[in-house]
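Asks: With the sequence up front, the predicted model follows.
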Amino acid sequence: MVLLLAAALLLAWANGSNDNFKATATLYGSGTVSFRRALVIATAAQIAGSLASVFLAGTLLHAFSGHGLVPDEVVADRAFLVSAGAGAALSILLASRVGLPASTSHSLIGALIGAGLVLNGGQIEWGPMGTDVLIPLSVSPLIALAAAGALYPVARAARKAMGLQDWTLIDLGRGMQRVDTLADGSLALRDGRPLTEAEVGTCERRYQGSILGVPAQLLVDRAHAVSAFALGFARGLNDTPKVLALLVTAGWSGLDPRFSLVAVAGAMAVGGLVYSRRVAETLAHRITGMNRGQGLTANLVSSTLVIGASLMGAPVSTTHVSTGAIFGIGMHTGSADWRIVTGIVVSWVLLIPLAGALAAGFAIAL
């Protein structure tokens, strides 16, 4: 019982460290808010989503309990649940250590399979896992990528149709001044003076104009913050049941369900607060550069897909959806770093067997 609770809390902590910041990565990456403020928004949204998950995402509890994958007597064995939780947690922590966004869904699937193979004599029932879990997880990042790539040019065309300008500005102590982009790609003031490397780093892109009398940039930033909170809420809504499944399947291990929920939500929040910086930098700055409008587009796509999937009980990965949306923007603008993207995709492929191997090792030891 103690090992099971420890494994569940470790998994929640690992999940928060790798996943919490994904909701606000575009806020930070586009320069809309600082890292610290983005982290606060992500944490608050995750806690709200975690608390709501018991009422809105109960179907996911069954999807990640192991039922249908192995016989019920194996699922009832706490060694199976401890091994799955510990294997998934360690695989996610390894990904966080090197700054790669990892999927809790994929790590849990791999861990459930690895522990199941050991404790069920090498036999796994693949049918339910393929149709109910693996298909939604595999398709969702492609949908996010396509949706973000399709939505962004529409949003940009709408902005231009409304007469809103996208200017690069700099504050040199005399108020914000417009900066021009020269033929060679360098930046210069309107009088022709080129900007120094240090000055280029302080430039900001802002929308000029208003919508219904409200400054366009203010509307974009507020909508971006709301979409980020919605994505963080959706992440808590979608991921908390995956961790709670370990305890629910074991009959709450004699614990008050309310205590288990608060403990899991708290561990996820703490993990995000203390160990998310490396993954945050990868998502915010290393996949692609983005302005505020592009960040808003990516977050709108991600939050819509994750919230919809959570309400339908489809176990999509917030990692894959948010990364796919950011990559979709990068593909459209031509600024995606393919080396980073390739590394992320390879890590996704390796995550399931890694989690399975770790869980199998725990199962053998137990």
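Replies: Yes, it's here. This structure is a prediction, so every number in the text was calculated from the model and none was measured.
Asks: what's the neighbour count on Val2?
Replies: Using other CB atoms under 10 Å, Val2 has 8 other residues around it. From N, CA and C alone the C-beta is placed, and that goes for glycine too.
Asks: And it, how close does it get to Ile41?
Replies: Note on Val2: its distance to Ile41, by CB to CB, to the nearest Å, is 35 Å.
Asks: Relative to Ala284, how far out is Thr43?
Replies: From Thr43 to Ala284 the distance is 16 Å (CB to CB).
Asks: tell me the mean pLDDT for the helix ranked longest in the chain?
Replies: Secondary structure of the chain read by DSSP state H shows that its longest helix is helix 216-249. Confidence over helix 216-249 (mean pLDDT, whole number) is 85.
Asks: Next, the buried residues of the helix or strand following it.
Replies: Later in the chain than helix 216-249, the nearest helix or strand by DSSP states H and E is helix 257-275. Neighbour counts over helix 257-275 (16 or more other CB atoms under 10 Å) mark 260-261, 263-273, 275 as buried.
Asks: After helix 257-275, which helix or strand is next?
Replies: Assigned by DSSP H and E, the successor of helix 257-275 is helix 277-281.
Asks: Report the backbone C-alpha coordinates of that next one in CSV.
Replies: The C-alpha coordinates for helix 277-281 follow below in CSV (Å, rounded to 0.1, in the frame of the first residue of the first chain):
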residue,chain,number,x,y,z
ARG,A,277,12.4,24.7,-16.8
ARG,A,278,14.2,22.5,-19.3
VAL,A,279,11.1,21.2,-21.0
ALA,A,280,9.7,24.8,-21.0
GLU,A,281,12.7,26.1,-22.9
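Asks: Show me the contact partners of that helix.
Replies: With CB atoms under 8 Å, 6 or more residues apart in numbering as the test, helix 277-281 has contacts from 17-18, 21-22, 25, 28, 35, 38-39, 95-101.
Asks: between these, which is closest to Ala359?
Replies: Nearest to Ala359 out of the contacts of helix 277-281 is Ala95 (CB to CB; 15.4 Å).
Asks: where does that closest one land in three-state SS?
Replies: The local conformation at Ala95, judged by DSSP: H, G, I helix; E, B strand; the rest coil, is helix.
Asks: start the count at 34, not 1, going forward
Replies: Renumbered: residue one is now 34, and that last one reads Ala128.
Asks: Which residue is the nearest non-sequential neighbour of it?
Replies: In space, Ala128 comes closest to Ala135 once its chain neighbours are excluded; the distance is 3.5 Å by CB to CB, 6 or more residues apart in numbering.
Asks: would the one you found count as being in a helix?
Replies: No - counting by three-state DSSP, Ala135 is located in no helix; its state is coil.
Asks: Would you confirm that it contacts Leu384?
Replies: Yes - in this structure, Ala135 is within contact of Leu384 by CB atoms under 8 Å, at 5.8 Å.
Asks: care to break this protein down by domain?
Replies: 35-167+258-324+370-398, 199-241 (automatic domain parsing).
Asks: which one of the ones you listed has the most crowded surroundings?
Replies: domain 35-167+258-324+370-398 (a mean of 22; mean count of other CB atoms under 10 Å).
Asks: what about that one, start to end distance?
Replies: 16 Å (CA to CA, to the nearest Å).
Asks: Equivalent analysis for stretch 236-256, please.
Replies: Stretch 236-256 has an end-to-end distance of 22 Å (CA to CA).
Asks: Could you list the buried residues of it?
Replies: 237-240, 249-250, 252-254.
Asks: Same list, these, but as JSON lines with distance to Ala39 please.
Replies: Listed next are the buried residues of stretch 236-256 as JSON lines, based on distance: CB to CB, whole Å:
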{"residue": "Glu237", "distance to Ala39": "46"}
{"residue": "Arg238", "distance to Ala39": "47"}
{"residue": "Arg239", "distance to Ala39": "48"}
{"residue": "Tyr240", "distance to Ala39": "49"}
{"residue": "Ala249", "distance to Ala39": "50"}
{"residue": "Gln250", "distance to Ala39": "47"}
{"residue": "Leu252", "distance to Ala39": "46"}
{"residue": "Val253", "distance to Ala39": "44"}
{"residue": "Asp254", "distance to Ala39": "41"}
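Asks: For these, work out which two are farthest apart.
Replies: Glu237 and Leu252 (16.5 Å).
Asks: check contacts around Thr235.
Replies: Thr235 touches 203-204, counting by CB under 8 Å, 6+ apart.
Asks: pretty sure it is in a helix, no?
Replies: No - counting by three-state DSSP, Thr235 is located in no helix; its state is coil.
Asks: Helix or strand next in line after the helix or strand of the chain with the lowest mean pLDDT, which one?
Replies: Of all the helices and strands that make up the chain, helix 92-96 has the lowest average by mean pLDDT, DSSP states H and E, namely a mean of 51. Using DSSP H and E, the helix or strand that directly follows helix 92-96 along the chain is helix 105-108.
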